[in-house]
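Peer 1: Give me coordinates for this.
(3 chains)
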Amino acid sequence: MSPWLPILMAVPVVGAIVVALLPKGSDKLAKQVTLLVSLLVLVLTGVMAAGFDPSGDRFQFVAEYNWIPSFGVKFGVGVDGVALVLIALSVVLVPLVVLASWHDADGVKTADGTLITPKRSVKTYFALLLVLETMMIGVFAATDIFLFYVFFEAMLIPMYFMIGSYGGAQRSYAAVKFLLYSLFGGLLMLVAVIGLYVVAGKQTFMFPELVGAIQDPTMQKWLFGGFFIAFAIKAPLWPVHTWLPDAAAQAPAGAAVLLVGVLDKVGTFGMLRFCLELFPDAAKAFTMPIVVLAVISIVYGAIVAIGQTDMKRLIAYTSISHFGFIVLGVFAMSSVAQSGAALYMVNHGFATGALFLAAGFLIARRGSPYIGDYGGVQKVAPVLAGFFLIAGLAGLSLPGLSSFVSEFMVMIGTYSSQAHGSGALTVAAIISAVAVILAAVYILWMVQRTMNGPTAEPVKAFKDLSAREVWVLAPLVALIIGFGFFPKPLLDVINPSVQQTLTNVQVPTSTIAEGTGQ
Amino acid sequence: MESQLAEIAQHTGGVIGNAWLMIAFPLVGAFILLVFNRFTNRWGHLLGVAMSLASFVVAVLAFVELLGFGPEERRRAVHLYEFIPGMVDMGLLIDPLSISFALLITGVGSLIHIYSIGYMSHDEHRRRFFSYLNLFVAAMLLLVLADNYVGLFIGWEGVGLASYLLIGFWQFKPSAATAAKKAFVVNRVGDFGLLVGMFVIWTTFGTLTFKGLGEQIAPGTQNGTMLAIGLLLLLGACGKSAQLPLQSWLLDAMEGPTPVSALIHAATMVTAGVYLVVRSGAFFFPEGSGAALAVAIVGAVTLLAGAIIGCAKDDIKKGLAGSTMSQIGYMMLGAGLGPAGYAFAIGHLITHGFFKADMFLGAGSVMHGMNDEVDMRKYGALRKVMPITFVTFFIGYLAIIGFPLLSGYFTKDGIIETAVHHQPILGWLAVLGAGITGFYMSRMIFMTFFGEKRWADDAHPHESPLVMTVPLMILSLGSIFLGGYLILSNRLLDWLTPAVGAPAERPEFHFTSVPGLATLALVAVGAIIAWMKYGRVPVPAVQPRGSFLTTFARRDLYGDALNESLFMRPGQWLTRLAVFFDNRGIDGVVNGLAAGIGGSSGRLRRIQTGFARTYALSILIGAALLTGALLFVGNI
Amino acid sequence: MTTHYLVLSGLLFAIGAMGVLIRRNAIVVFMCVELMLNACNLAFVTFSRQVGNLEGQIIAFFVMVVAAAEVVVGLAIIVTIFRTRRSASVDDANLLKY
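Peer 2: The predicted model follows:
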C-alpha cells in the first residue's frame, strides 16, 4: 500500500474546497491558491515519479481500499508506465492552464475595450479546475474498472460547467453536445462494465484480475464494442468526432487545452489498456475496421482542418487527425507503434496545448477566433508569433520537436507490423504519411494568414506577450524541444508497460490456439 | 563491379570524438540570439559570425585529424546518445564525404555570414537574420554528419525550417510569406518519399544506420524492394534539390534576402539531395540499377529545364536560381552514374558552392548598390562603378560556363564525359545544357555589366563595402583554382573512395576529348548568340513579347500552372467538399437526430393537458390494463 | 361472507373513482378520493379477518393517517386556490401543463 496516489488525488480536492470557501471578493487569492495547489501537485508527482522503477512491477504505488464490498468494488489505484506519463502530462498542464486562464473569468476585453466574455465567478472556475485535476489523476490511476468508469463519467461534470458557463457565444450548445456524446458512450461502457463483472464471475472489478477472464470470443466482441465505442467517442474517432470542434471552439482556451490535451487521451488510454488487454481476441478481430477508421480520421481531419476559418476549430480538427495516429498506433499491434502511440498521447498534449494557449492569447487580444481577422501579427508581437510558430511546427510534427518522434514511431511501427501479414497495415502507414504534407498545409496556412503579410488595422494595437503569458508557453516549448531530442526518459517508462500489454494481448490467444490444437 | 566501402570504426576522443561541437556552436548561437532577443541586437551579428567560424575551425581540425588516418580507416562513427531506444541512436559519421560537406558548409557559410553583416546592416531585424542563419548551419551540419537516416531527416527538416524562416524573412511582404510556405509544402512532398523510404529500410533491414546497412547489403544488390527504396529517396532528393517534378519552389524562394539565396538555395541546402543520393549510393543506387538510372534521368531533364528557365528571366536572382537548378541537375546526373560519377558530382557540388555563392553575393552587391532593384533591364554598364563586384562576378561566370582551367571546367566536364561514357543520350543532353548555360550566363553578364546605362532615376550605384567584397574575392579564388586541384590527378576521387566506393576504372582527365571540345564549342556559340542579342544591340527596357518558347521559359515551363490545376484547385474543391460534408453530413445527421428527438418529445408533451381529471382517467386506464395483464399472465 | 364485504368495497371504490373522473368541484373530487381510500381500508380489514392476523388492520390505520395528512395538505391547497381564483373547479386549475 502506497499513499502516494490517494494523496495526489486528495490535494486538489482539498484545494478546491478551500478555494470555494474563500470569502467573496478574494478573486486574486483564489487564483494564487489554485496555482500553489497545482504546483504542489506537480512537485508531489515529480517526487513520486522519481521513485518509479521501470523494470519493477507493472503497477506501482498501488493502494486498495474496499468501497462497495457487496459487489467487490474497490478504490484501487496504481500506475504503470503509460498511466504515469499521462498523469505527469495532466499535472504539468494544470498549473500552466491556471496561469493562462488568469483573467478568463474576469470578463475578457479586447484592446479596444469591447467585452468578449462577461464576468463570471472566478472562484468557481478555479475550484472546478482543481476538481478536474483530481478526476484526471484518478481516471489514469484507477486499477478498478468500476472506479475508472466513475471517474470517466464524473470528469464530464466540471468540464461541462467550464464550457457551459465560461465559454464563447455558443457555449450551451457546445456543452450539451459534449455532454450528450460522452454520456451516450459512457452508458454503453457501463453496460459493458456490468457485463464484464457478470460474465467473468470473479466478484471483482480489479483490472489485473480480469485480464484474460473472458475467453468466449463472441462475448469478448460484445464487451469490446461497449468499451470501444465509449473510447472512440472520447478520443474522438471519425465519424463520432463532431462534438470536439464545437466544444474546443467554445471552451475557454485553458479548458480546451485540458479537454483536448488530457480528457480525450482517456479514450486512447482506455483502448490501449482495457480494449486490448481485456478482450485480445476481439481486438484482433476488429483491428482492420478500426485501422480503416483511424486512417480516415488522419486524412479527413487534416483535410477538413485546411478548410476551417476559425482558429480553434482548426486546431480541434488537427487533433482529430492526430488522434487517428494514436489509434492507429494502438491497434497496429507492434511494440514500436504502441510505444509511439503512448508517447504521442503525451507529446500531443504538449504540442496542442501550446497551440491552443498561443491561439487563446491571440484571440484574447482581438476577440475573434477567425483567421481572416488577423494578419501581420509578427510585426507587432514577434514573441507571440514566435511561440505560435513553434507550437504550430510541433503540430505538424517537425523533426526535432517531440511530436515527430511519436508520429515517426507510430508510422514506422505500423508499416513494419506483421500483425495482419497481408500488408494492409503497410498501406495504412503510407496513406497516413500523406498527412505529413497536409499538416504543413493547414499549419502554415494559418500561420501565414495570421502572422505574416501586412499588419491588419486592428492588429496594430496588439501588445506582445506579457511575462505571465511567456511563463505559460516557455515551459511547454522547452518540453517540446527537449523531448524532441531526448525522448528516452519517456520511452524508458512507457516501453515496459507497452510490452506487458502486448504480452497480455498475445498470450491468451496462443494458449487458446494450443488448447484447440490438442 | 561495385567495391566494398571502408569499414566504419567507432571513435572516441580527439576532435572527431567531439565533432558534435560543430553542430553545437551555431545551435547555441541561434538559441542565444532568439531567446535573449533584443538584448543581443548590438552584437548579435558578431556572435553569429563567431559561432559559424568556430564551427569551421572544428571542421578543419576534424579534417586534419582524419587525414592522419590511413584511407581505409577514414570512416569514424561517434556515438552521442540513445535516441529512440531499440531503434536508433544519435551518432555522427565523420568520413571523407561528410567532412567535405562540413568544410563547404562552414567555410562558405562563414563567408556568407560575414558578407551579411554588410548586406543586412540597414535591416532592423539583422539579429534575427543571423539567428536563422546559425540555425541553418547547425541543421545542415546535422544532416551531413548524422550516421543514420533519422538524424539525417531531422537535419533535413531543420534546414527546411531555416529555409522557410529565411525565405519569409521579410514576411510582411505577402509574396515572401507565400513563397516560404510553398517551399515548405513542396519540400514536404519530398519528405513523404524520404519518410516512407525509411519505413521500408527499417522494415527490410531492421536498422537505419549507415553502418548497419553497410553490413547487411551486399554491394550491387538489386531487387524490387531496393528499387522502391531508391525511388522513394529520389523523391525526397527531388524535393530538397528542386529537381523535376518538385522544382517549382526554388524560383519563388528568391524572395528571401540574397545571402540566403547564396547559402541555402545555391551552395548548400539544395545540394542535400545530391548528398542523400551519394550517401545512399552504395546501398540503393548501385551502378546500372533502375534507381540510379532514374536519378540520372531526373538530373538530365532538370539541367535542361533549369537552363531554359534561366534564359528568359529578367530578374537576376531568378536567372541564377534557374542556373542553380540546372547545375544541381548536373550533380544529380553525375550521382546517377555510380562511383564513376560521384567524385565529379561532389566536386561540382563544391566548386558550384563557390562560384554560385560568388555570383549570388555579387548579385546581392549589385542590388545593394541599386536600391534592391532586381530587374536586369534596369542595369547595364555597371562594370565601371562596381569594379570588384564585376571582376568577382565575371570569374564566377567563367567558372560556371566551363571556361578552360577554371573550377567549373574540370568538374562539369568530368560529369559530361562520364555521362557520355555511361549513358550517351543523357551525356549529350548535358553537352547541350552546357551550351545553353553559355547563352544565359553571358546574357546575364551583358545585361548587367555591359551596354548602356538603363538605371532608374534615383539609382546611385556604388561599390559595396569591404565586409561584402572580401568574401567575394575569397569565393572567386576558390572558383578559379579549386576545380583543378580536386579533379586533376584524382585527388577528390581518392579521398572519397573509402566513403562512396571506387569506380571500376580510374578516370583520366582529358583536355581534348570529343565531348569536352563539343561542350566548349557550344558554350562559345551560346556566348556569341548572347552577345549578338544583348551585347551588340541595346537591351529594350521593357520585356519584348517574345516567341512561344520564351513565354514557355518565362512561365517556368508552366510548372506552377500545372501544380495549380493538378493539385491546388482539386485540393481546394476537396477541402470545401470535406468541410461541407462534415458540417452538413456528419454533423447534420447528429443535429438531425437531436432535432428529431426534440421535435417528437415536443409533440409528446402535448398529452400533459393540465386537466387533473384527464390524468385521473389515464391512471385508471393504466391500472385497469395492468390488472388485466396480471390476471392474464396469472391465468397462463 | 368475505365476498359481500369485498363486493361492497369494490362498489365504493368504483363510485369514488367515477366521482373523481366526472365531478368538477375540487371538494367533491377530494371526498371521492377519501371514499376510494376507505374502500381500500374495508378490503384490508376484510382480508385481515379472513387470514386471521393483524397486518391488514395495521395497514388500514396507516391509510387513515395518510388520509388525514392528505386532507390537511389538500384542503389547504384547495382553499388557497379558491381564494386566488374564486373557483373550486379542478378544470380551472390547469396551469401546470406542457
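Peer 1: Secondary structure element holding B:Ala228?
Peer 2: Using DSSP states H and E, B:Ala228 falls within helix B:224-241.
Peer 1: chain center to that helix: distance?
Peer 2: Averaging C-alpha positions (C-alpha atoms, centre = their mean, to the nearest Å) puts helix B:224-241 15 Å from its chain's average.
Peer 1: can it be found next to chain A?
Peer 2: No. Counting by C-beta under 8 Å from any C-beta of the partner chain, chain A is not contacted by helix B:224-241; separation bottoms out at 10.0 Å. Every residue, glycine included, has its C-beta placed from N, CA and C.
Peer 1: mean confidence score for the following helix or strand past that helix?
Peer 2: Next along the chain after helix B:224-241, taking DSSP H and E as the criterion, comes helix B:248-252. What helix B:248-252 shows for mean pLDDT is 87.
Peer 1: do stretch A:384-400 as well
Peer 2: Per-residue scores along stretch A:384-400 average to 91.
Peer 1: for chain C, what are the nearby residues on chain B?
Peer 2: So chain B meets chain C at B:Arg605, B:Arg606, B:Ile607, B:Gln608, B:Thr609, B:Gly610, B:Phe611, B:Ala612, B:Arg613, B:Ala616, B:Leu617, B:Leu620 (C-beta under 8 Å from any C-beta).
Peer 1: switch the cut-off to 10 Å
Peer 2: Listed as neighbours of chain C in chain B under the rule C-beta under 10 Å from any C-beta of the partner chain: B:602-614, B:616-617, B:619-620, B:623.
Peer 1: Which members of the residues you listed occur in helices, if any?
Peer 2: With DSSP state H as the criterion, helices contain B:Gly602, B:Arg603, B:Leu604, B:Ala612, B:Arg613, B:Thr614, B:Ala616, B:Leu617, B:Ile619, B:Leu620, B:Ala623 from among the residues of chain B next to chain C.
Peer 1: Show the contacting residues for the third one.
Peer 2: So that's B:Leu604. Applying C-beta atoms under 10 Å, 6 or more residues apart in numbering or on different chains to B:Leu604 gives the contacts C:Tyr98.
Peer 1: what do you get for the last one?
Peer 2: Residues near B:Ala623 by C-beta under 10 Å, 6+ apart: C:Ala17.
Peer 1: Would you mind measuring from it to chain A?
Peer 2: Remark: distance between B:Ala623 and chain A (C-beta to the nearest C-beta, to the nearest Å) = 31 Å.
Peer 1: Can you pull out the low-pLDDT segments for the chain?
Peer 2: As the question left the chain open, I've gone with chain A. Along chain A, segments meeting pLDDT under 70 span A:107-118, A:419-422, A:507-518.
Peer 1: should've been chain B
Peer 2: For chain B, the ranges with pLDDT under 70 are B:1-4, B:636.
Peer 1: again, 50 this time
Peer 2: Counting by pLDDT under 50, the ranges of chain B that qualify are B:1-2.
Peer 1: Domain map for it?
Peer 2: Per automatic domain parsing, the structural domains of chain B span B:9-554, B:564-635.
Peer 1: just the ones you listed: most buried one?
Peer 2: domain B:9-554 (a mean of 22; mean count of other C-beta atoms under 10 Å in any protein chain shown).
Peer 1: Tell me the residue of chain A that sits nearest chain C?
Peer 2: Nearest residue of chain A to chain C (C-beta to the nearest C-beta) works out as A:Val176 at 21.0 Å.
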